[in-house]
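S.K.: Any chance you could fold what I've pasted below:
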Amino acid sequence: MSAAGTNIPRKAVVVGAGPVGCLAAMALAKQGWSVDIYEGRPDMRLPSSKAAAQQRSINLAISARGLAAIQAIDPGAADRFLSTVIPMRGRMIHDGQGGLESQPYDRDGQGINSIGRAFLNEDLLREALAVPGIRAFFQHKVLSIDFDRRKLTVRDGEGQDAQDVDVSFDFCVGADGSYSIVRRQLMRVVRMDYQQWYIPHDYIELRMPAGPPQGPGGDPTFLLDPHHLHIWPRHTFMLIALPNKDATFTCTLFAPTADFDRLDTDEKIIEWFKDNFPDALPLIGEQALLDDFHRNPRSALMSIKARPYHYRDRAVILGDAAHAMVPFYGQGLNCGLEDVRVLDVLLREARVVAAAQVPEGGEDERLESALARYSDTRHEDLVAICDLAMANYVEMRHSVTTLAYRFRKALDNILYSLNRRHVTAADVTPVLADNTFANAPSGWLPLYTMVTFRPDISYSTVLRKFQRQTEILGLTGWLSAGVAVGTLGITCVTLLQRLQNRP
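M.R.: Next up is the predicted model:
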C-alpha cells in the first residue's frame, strides 16, 4: 500500500480478466494506478482455453453503449476493435413456413455488432496488457478477501503444486462474473440486498457452417444474410443466429427446461427441429446438430440484483458480479462496459488521486465518496435494464410476430420521424468521456432506440420515458378498433405536440 510521504502509485487489484475487468484495469491505469489482474482460469489466449469457451458462450452483440465506454477509456482501442465486428442492421424473422421478414433496428440505419466472446476477450486483454502499469496473473483463484486489512488470498496454480499466497492492495474491483467471489466476500462486511433467480429456460449453442466459395480459391460464403440477427420465434422458445468473421453463424437455442428434457433421443431432436425450424435444419446439418447437442453443455439463465456495490474506499463490483441479466436485450456486455465508464467519470469528478498519501489504516475520503455515489446513482439504472432484458425475451420469441407489436413499432417510427432533430450515437459519444449521462431527452423515441443507440440516456430514464409514451398512447386510444388510417397523421402530430419540451 502507498505510505505517507511517497508519490508511489497505489495498487488496484481487478478480479476477473473478462471484458469488464480488462476495461476497468485500463481505466484505472490511465488514472495512474498500478493494476494487477487476477483470473482463476487459464490464459484465454491458449488454444485449450479457446476450445472450452466455444462450447458454452452466447455470441456477443456490442452496441453504442459498449462502444462509447471503450471510446471514453481508449479511443484507439475502440477504432481497432471495430475492425473485428460484423454490423447487423436489423432482425430477420423466420416464420414456421420458411418465410422471411426484415425488421430494421433503427430508421436512421444504426445497427449492433456481432463478435465472438473469445475474440472480444482476447482483444481487450491484449489492449489492457499494452497499457503501462497493468499485469495479469492467470490460474490465480481468489479464495478470500479481508477488506479491512486490504489483503486477498490467492491460490496460485492447480493440483499438488498450488500455493496460497496473500496479496496486498489499496483498491479492489470485482469483475468476476455472476458467481463472484468478491461479491460473496463483500456480503460479509456490507448489509447487501441481494436477489438471484433462475428463469425456467435453458440454452444450448449450435453452429451453422460456412457455405461454399463462390468460385475456385474464393472465400467461404454466408448461408444467411450476415447483416441481420436471425430469429426463429416460436412463442415459448426461439432459435437465434449471429454471424462470425469466418462466415459461420453461432446459433443459440433458448427453450423451457421441460422442452429440453423431452429431447432425449436423436430421433426426437431431429423431428423437433424439422417441425419447428424446417429452414434452419438443412443449413446446420442433422449430424452437426446432434454432435452439438451431445457435446455442448446445456446452460441455465439467471438474473441477479444487488445493492450496494461498494465497501468504504476498499472495493466495488461491476458487470455481472453486480447485475447479471438474461441476454435477451443484448445489454449484459454493454451495461458492464458502461459501468466502467460511469465509475471512471465519477472517480475523476471526485478528484481521486492514484498516488494519494493515505495513512496506514486511514481512508481515502474522495475515493469513498465516489464509490458511494456510484452505488447510489447506478442502482436504479441496473434494476431497469435487468427488468427490460427479461421483458424482451417475450418480445423476441413471441411479440415480434403479432399485429399489435408491428403496429406499435410502426407508430413509434412515425412519431420518431416527426422530431425536429434525430440524435445518433455518433453525436453523443464524444461528450461521454467526461459526463455520465446527458440531460433528459425530448421528443418521441422508440424504446429500442433509447436502449441501444442512445448511450447518453441512462437506463432508468429510458424506462420512465417509455412508460410515459405508453401512457400517452393509451390515453389517445391507439389500440381502438375504430382508428382509421386516414386519421393517423393528425394523431401523430397531436401526440408530438404534447411531447414537445417534455423531459
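
S.K.: Could you use CA atoms for every contact and neighbour count after this?
M.R.: Noted.

S.K.: Okay, buried residues for stretch 193-210 please.
M.R.: For stretch 193-210, a neighbour-count test (16 or more other Cα atoms under 10 Å) marks 201, 202, 203, 204, 205, 206, 207, 208, 209, 210 as buried.

S.K.: pLDDT weak spots in this structure?
M.R.: For the chain, the stretches with pLDDT under 70 are 1-6, 48-58, 477-503.

S.K.: Give me the helices and strands touching the longest strand seen in it, please.
M.R.: Of all segments of type strand in the chain, defined using DSSP state E, the longest is strand 193-208. Packing partners of strand 193-208 (3 or more Cα pairs under 8 Å, 6 or more residues apart in numbering; DSSP states H and E): strand 249-256, helix 257-262, helix 281-284, helix 286-295, strand 299-307.

S.K.: Compile the ones you listed into TSV and extend it with columns for distance to residue 333 and mean neighbour count.
M.R.: Shown next, in TSV, are the helices and strands packed on strand 193-208 (distance: least, Cα to Cα, whole Å; neighbours: other Cα atoms under 10 Å):
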stretch	distance to residue 333	mean neighbour count
strand 249-256	17	21
helix 257-262	25	13
helix 281-284	27	17
helix 286-295	25	15
strand 299-307	14	18
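
S.K.: Just tell me which of these ends up closest to residue 81.
M.R.: Smallest distance to residue 81 across the helices and strands packed on strand 193-208 (Cα to Cα): 19.6 Å, for strand 249-256.

S.K.: quick one: contacts of that closest one?
M.R.: Residues outside strand 249-256 that contact it (Cα atoms under 8 Å, 6 or more residues apart in numbering) are 58-59, 200-210, 236-244.

S.K.: Repeat that for stretch 154-167.
M.R.: By Cα under 8 Å, 6+ apart, stretch 154-167 touches 139, 140, 141, 142, 143, 144, 151, 152, 153.

S.K.: and if you look at stretch 225-239?
M.R.: Counting by Cα under 8 Å, 6+ apart, 86-96, 240-243, 247, 251-256, 276-277, 394, 396-401 sit against stretch 225-239.

S.K.: Next SSE downstream of the longest strand of the chain?
M.R.: strand 228-233 (DSSP states H and E).

S.K.: now the angle from that next one to strand 249-256?
M.R.: Orientation check (axes from the mean of the first three to the mean of the last three Cα atoms, to 10 degrees): strand 228-233 against strand 249-256 gives 30 degrees.

S.K.: what element comes up after strand 228-233 heading to the C-terminus?
M.R.: Heading C-terminal from strand 228-233, the first helix or strand you meet, by DSSP H and E, is strand 238-243.

S.K.: Sheet-wise, list the partners of that next one with their directions.
M.R.: strand 228-233 (antiparallel), strand 249-256 (antiparallel) (DSSP bridges).

S.K.: Make CSV out of the ones you listed and add distance to residue 160.
M.R.: Shown next, in CSV, are the strands paired with strand 238-243 (distance: least, Cα to Cα, whole Å):
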stretch, distance to residue 160
strand 228-233, 47
strand 249-256, 38
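
S.K.: Show me the one of those that comes nearest residue 443.
M.R.: Proximity to residue 443 (Cα to Cα) singles out strand 228-233 among the strands paired with strand 238-243, at 28.1 Å.

S.K.: how about that closest one as CSV, C-alpha atoms only?
M.R.: Taking Å, rounded to 0.1, in the frame of the first residue of the first chain, the C-alpha atoms of strand 228-233 are listed here in CSV:
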residue,chain,number,x,y,z
HIS,A,228,-29.1,-9.4,-39.6
LEU,A,229,-29.6,-11.1,-36.3
HIS,A,230,-31.7,-14.1,-37.3
ILE,A,231,-34.6,-15.1,-35.1
TRP,A,232,-36.9,-18.1,-35.3
PRO,A,233,-39.6,-17.1,-32.8
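
S.K.: Any buried residues in that strand, and which?
M.R.: Result for strand 228-233 [16+ other Cα under 10 Å]: buried residues 228, 229, 230, 231, 232, 233.

S.K.: Tell me what the closest residue to the first one other than its chain neighbours is bridged to.
M.R.: Excluding its sequence neighbours, the residue lying closest to residue 228 (Cα to Cα, 6 or more residues apart in numbering) is residue 88, at 4.7 Å. Beta-bridge partners of residue 88, counted by DSSP bridges, are residue 112.

S.K.: Residue 88: what's it in contact with?
M.R.: 111, 112, 113, 114, 226, 227, 228, 229.

S.K.: if we go to 6 Å?
M.R.: For residue 88, the contact set (Cα atoms under 6 Å, 6 or more residues apart in numbering) comprises 111, 112, 113, 227, 228.

S.K.: And the third one, how close does it get to residue 68?
M.R.: Summarising the geometry, the distance separating residue 113 from residue 68, computed by Cα to Cα, to the nearest Å, is 13 Å.

S.K.: between the two, who's got more neighbours?
M.R.: residue 68 (28 against 22; other Cα atoms under 10 Å).

S.K.: Can you report how many residues lie near the residue nearest to that one when sequence neighbours are not counted?
M.R.: Distances taken as Cα to Cα, 6+ apart place residue 429 nearest to residue 68, at 5.5 Å, with adjacent residues excluded. Using other Cα under 10 Å, the number of residues around residue 429 comes to 19.

S.K.: For my notes, confirm residue 429 occurs in a helix.
M.R.: Yes. Membership of residue 429 in a helix is supported by DSSP: H, G, I helix; E, B strand; the rest coil.

S.K.: Show me which residues of stretch 236-245 are buried.
M.R.: Of the residues in stretch 236-245, those buried (16+ other Cα under 10 Å) are 237, 238, 239, 240, 241, 242, 243, 244.

S.K.: Just the CA atoms of that stretch, as PDB, please.
M.R.: The C-alpha trace of stretch 236-245 is given here as PDB (Å, rounded to 0.1, in the frame of the first residue of the first chain):
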ATOM      1  CA  THR A 236     -42.400 -20.300 -25.900                       C
ATOM      2  CA  PHE A 237     -38.900 -20.900 -27.400                       C
ATOM      3  CA  MET A 238     -36.700 -19.500 -30.100                       C
ATOM      4  CA  LEU A 239     -33.500 -20.000 -32.100                       C
ATOM      5  CA  ILE A 240     -31.200 -17.100 -32.900                       C
ATOM      6  CA  ALA A 241     -28.100 -16.900 -35.200                       C
ATOM      7  CA  LEU A 242     -25.300 -14.300 -35.200                       C
ATOM      8  CA  PRO A 243     -22.600 -14.100 -37.900                       C
ATOM      9  CA  ASN A 244     -18.900 -14.700 -37.400                       C
ATOM     10  CA  LYS A 245     -15.900 -13.400 -39.400                       C
END
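
S.K.: ok now that stretch, how far from the chain's centre?
M.R.: 16 Å (Cα atoms, centre = their mean, to the nearest Å).

S.K.: Equivalent analysis for stretch 191-204, please.
M.R.: Distance, centroid of stretch 191-204 to centroid of chain: 16 Å (Cα atoms, centre = their mean).

S.K.: Alpha carbons only: can I get it in PDB?
M.R.: Presented in PDB, the C-alpha positions along stretch 191-204 are these (Å, rounded to 0.1, in the frame of the first residue of the first chain):
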ATOM      1  CA  ARG A 191     -25.600  -5.200   4.500                       C
ATOM      2  CA  MET A 192     -26.200  -6.100   0.900                       C
ATOM      3  CA  ASP A 193     -29.700  -6.500  -0.500                       C
ATOM      4  CA  TYR A 194     -29.300  -9.400  -2.900                       C
ATOM      5  CA  GLN A 195     -31.700 -11.300  -5.300                       C
ATOM      6  CA  GLN A 196     -30.800 -14.200  -7.500                       C
ATOM      7  CA  TRP A 197     -33.300 -16.200  -9.500                       C
ATOM      8  CA  TYR A 198     -33.200 -18.600 -12.500                       C
ATOM      9  CA  ILE A 199     -35.800 -18.500 -15.200                       C
ATOM     10  CA  PRO A 200     -37.300 -21.800 -16.300                       C
ATOM     11  CA  HIS A 201     -35.500 -21.800 -19.600                       C
ATOM     12  CA  ASP A 202     -32.100 -23.100 -20.700                       C
ATOM     13  CA  TYR A 203     -29.900 -22.600 -23.700                       C
ATOM     14  CA  ILE A 204     -27.500 -24.600 -25.900                       C
END
